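> sequence below, structure please.
(2 chains)
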2 protein chains.
Amino acid sequence: MRQADSDQLETINADLVEVTRLVGSAMNRATQALLDADLQLAEAVIDFDAKVDILTASIEERCFELVALKTSTGADLRSILGSMKMSSSLERMGDLAEHVAKQARMRHPKVAVPQEVRGTFAEMGGLAEAIVNKTGSVIATKDVSMCADIARHDEDMDRLHRELFTIVLSPSWKYGVEEAIDVTLLSRFYERYADHAVSVSKRVVTIVTGEPYVAVSLVN
Amino acid sequence: MRQADSDQLETINADLVEVTRLVGSAMNRATQALLDADLQLAEAVIDFDAKVDILTASIEERCFELVALKTSTGADLRSILGSMKMSSSLERMGDLAEHVAKQARMRHPKVAVPQEVRGTFAEMGGLAEAIVNKTGSVIATKDVSMCADIARHDEDMDRLHRELFTIVLSPSWKYGVEEAIDVTLLSRFYERYADHAVSVSKRVVTIVTGEPYVAVSLVN
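The predicted structure is shown next:
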């Protein structure tokens, strides 16, 4: 690989890290907009997603151009193709943050989640932040030892997702169908967000180790 | 591109068409399992997804190898990289069919959807079948004129998805929270299935026209 191409690949990698920062910030603010029924913040998150879309489209385009140069082999080529995949997953994480913000906007001035499950959503927001931060670090450093943490956060997210089902389906659920649906969909958005972060981390593992994606497990 | 590589690319394309057939059949049978509370059929759909995962992983692997040969340029290279993206979307469509089947299995021997919305789900199943069939044809023939139909089916799917929200949230909804959640999640699985089919069709357009993905609109 020529120096110019190697520099370009480094820029692409730095931009992927930047996208994790953007979609992390988006989900963070979406959670806050949700918990505070903050319409202005929700609108800001919704508008912000265009920025993620533009950057991920540009990453994909630059990956394509880099492949077309035919100067990359082995790990470099895996890195370029892996970056295209990561970019798609990160773009989707941005969409999911936007979905949370849209739900907050739809129910404004009401808070879209009942008091009883506020804490769980705050916790999901915290997990989303932790998982996307670590995903950014894994992309930046290629230190895949952090992937076990990411897998653990994902398991915690799945547990909270299941807990919310138990809560809305329990006989003591004192809210209506609308609230139950809001909780279910929102919970799924967080759960899918974490899944995509796991998928991105697995891509980094494939780049570092050369293992095929399907064979990668983040848990030792 | 050498003849052998061109043949390989054709095989990859044929395999993508085969995956549309597999995930089409999976969603078809999942819908039937859902509407008939057919446990055996639901189990069959769930087991079947491994087949989709294996074929899509193999497509991805072969695309990688083809890129690594560095014999492809222009439209051929777009076709290979586009195939990798299509493979991911199709794999996800298989997961969504599996999700429907799992929901059917979870509620067995009860039918997971109340009588009142059975017709809507049957219609969603029909749309899913139509959209995946057309997606397969677009991949096979590269005749992107069919994409307008795909976009229209997707709009119909979105409309049914919204209708179901209206139904479960109406004061006349005589079922409980559990049924409402089942309907909401199932409806989202069909809606996402159609979204992925749209995404696959858009990829074919990028291959045929060279337009960037974000700029592609399926509606004239």
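
> helix or strand: which one has residue A:139?
helix A:115-141 (DSSP states H and E).

> so which bits of the helix or strand following that helix are buried?
Downstream of helix A:115-141, the next assigned helix or strand under DSSP H and E is helix A:147-169. With burial defined by 16 or more other Cβ atoms under 10 Å in any protein chain shown, the residues of helix A:147-169 counted as buried are A:147, A:149-154, A:156-157, A:160-161, A:164-165, A:167-168. In short, each C-beta sits where N, CA and C put it, glycine included.

> what sits against the nearest residue to residue A:193 once chain neighbours are set aside?
Of all residues not flanking residue A:193 in the chain, residue A:96 sits nearest, at 4.6 Å (Cβ to Cβ, 6 or more residues apart in numbering or on different chains). Residue A:96 makes contact with A:27, A:189, A:190, A:192, A:193, A:196 under the criterion Cβ atoms under 8 Å, 6 or more residues apart in numbering or on different chains.

> around chain B, pick out the residues from chain A.
Contacts of chain A with chain B, taken as Cβ under 8 Å from any Cβ of the partner chain, map to A:53, A:57, A:60-61, A:64, A:67-68, A:70, A:73, A:77-78, A:81, A:84-85, A:88, A:165, A:168-169, A:173, A:176-178, A:180-181, A:184-185, A:188, A:212-214.

> buried ones only from the residues you listed, please, as a PyMOL command.
Selection of buried members from the residues of chain A next to chain B for PyMOL, criterion 16+ other Cβ under 10 Å:
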select buried, chain A and resi 57+60+64+67+70+77+78+81+84+85+88+165+168+173+177+178+180+181+184+185+188+213+214
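
> from the residues of chain A next to chain B, which land in strands?
Among those, no member is found in strands (DSSP state E).

> now the residue most central in space within chain A: how far from chain B?
Taking Cα atoms, centre = their mean, the centroid of chain A lies closest to residue A:93, which sits 3.8 Å from it. Remark: distance between residue A:93 and chain B (Cβ to the nearest Cβ, to the nearest Å) = 15 Å.

> what strand or helix carries that residue?
Residue A:93 belongs to helix A:74-107, assigned by DSSP H and E.

> quick one: the closest residue to residue A:167 other than its chain neighbours and residue A:153, what's the gap?
Ranked by Cβ to Cβ, 6+ apart and with sequence neighbours excluded, the top spatial neighbour of residue A:167 is residue A:117, at 6.1 Å. Using Cβ to Cβ, to the nearest Å, residue A:117 is found at 19 Å from residue A:153.

> residue A:42 now?
Going from residue A:42 to residue A:153 by Cβ to Cβ gives 25 Å.

> show me what contacts the residue nearest to residue A:32 when sequence neighbours are not counted?
In this structure, residue A:32 finds its nearest non-sequential neighbour in residue A:41, 6.1 Å apart by Cβ to Cβ, 6+ apart. By Cβ under 8 Å, 6+ apart, residue A:41 lies in contact with A:29, A:32, A:33, A:101.

> most widely separated two among those residues?
The most widely separated members of the contacts of residue A:41 are A:32 and A:101, with 9.8 Å between them, by Cβ to Cβ.

> who has more neighbours, these two?
Counted by other Cβ atoms under 10 Å in any protein chain shown, residue A:32 and residue A:101 do not tie: residue A:101 has more neighbours, with 30 against 17.

> residues contacting the more buried one?
Neighbour list for residue A:101: A:26, A:29, A:30, A:33, A:34, A:41, A:42, A:43, A:45, A:46 [criterion: Cβ under 8 Å, 6+ apart].

> hang on, the second one packs against residue A:43?
So that's residue A:29. No. With contact defined as Cβ atoms under 8 Å, residue A:29 does not count as touching residue A:43 (10.7 Å).

> who's more crowded, the two?
Per other Cβ under 10 Å, whichever of residue A:29 and residue A:43 has more neighbours is residue A:29, with 20 against 16.

> which non-adjacent residue is nearest that one?
Distance criterion Cβ to Cβ, 6+ apart; nearest residue to residue A:29, sequence neighbours excluded, is residue A:45 at 5.1 Å.

> pLDDT score for the one you found?
Residue A:45 is assigned 98 on the pLDDT scale.

> cool, the one 4 residues further on as well?
According to the prediction, residue A:49 has pLDDT 97.

> do the same with residue A:114
You'll see residue A:114 listed with a pLDDT of 96.

> just residue A:96 next, same as before
On the pLDDT scale, residue A:96 is placed at 98.

> ok, it to chain B distance?
Relative to chain B, residue A:96 is positioned 12 Å away (Cβ to the nearest Cβ).

> residue A:126 now?
Counting by Cβ to the nearest Cβ, the separation of residue A:126 from chain B is 24 Å.

> next one, pLDDT for that residue please.
Value for residue A:126, per-residue pLDDT: 98.

> count of residues packed around it?
14.

> give the contact list for it.
Contact analysis of residue A:126 by Cβ under 8 Å, 6+ apart lists nothing.

> how close does it sit to residue A:28?
Taking Cβ to Cβ, one finds residue A:126 at 9 Å from residue A:28.

> also residue A:104?
13 Å.

> looking at the two, which is more packed in?
The neighbour comparison of residue A:104 against residue A:28 (other Cβ under 10 Å) goes to residue A:104, with 30 against 17.

> is it true that the more buried one touches residue A:110?
No. With contact defined as Cβ under 8 Å, residue A:104 does not count as touching residue A:110 (9.7 Å).

> touching both of these two, which residues are there?
residue A:37.

> poorly predicted segments of chain A, please.
Along chain A, the model assigns pLDDT under 70 to residues A:220.

> who touches the nearest residue in space to residue A:213 that is not next to it in sequence in this structure?
Nearest residue to residue A:213 in three dimensions, chain neighbours excluded: residue A:206, at 5.1 Å (Cβ to Cβ, 6+ apart). Taking Cβ under 8 Å, 6+ apart, we find residue A:206 in contact with A:78, A:82, A:212, A:213, A:216.
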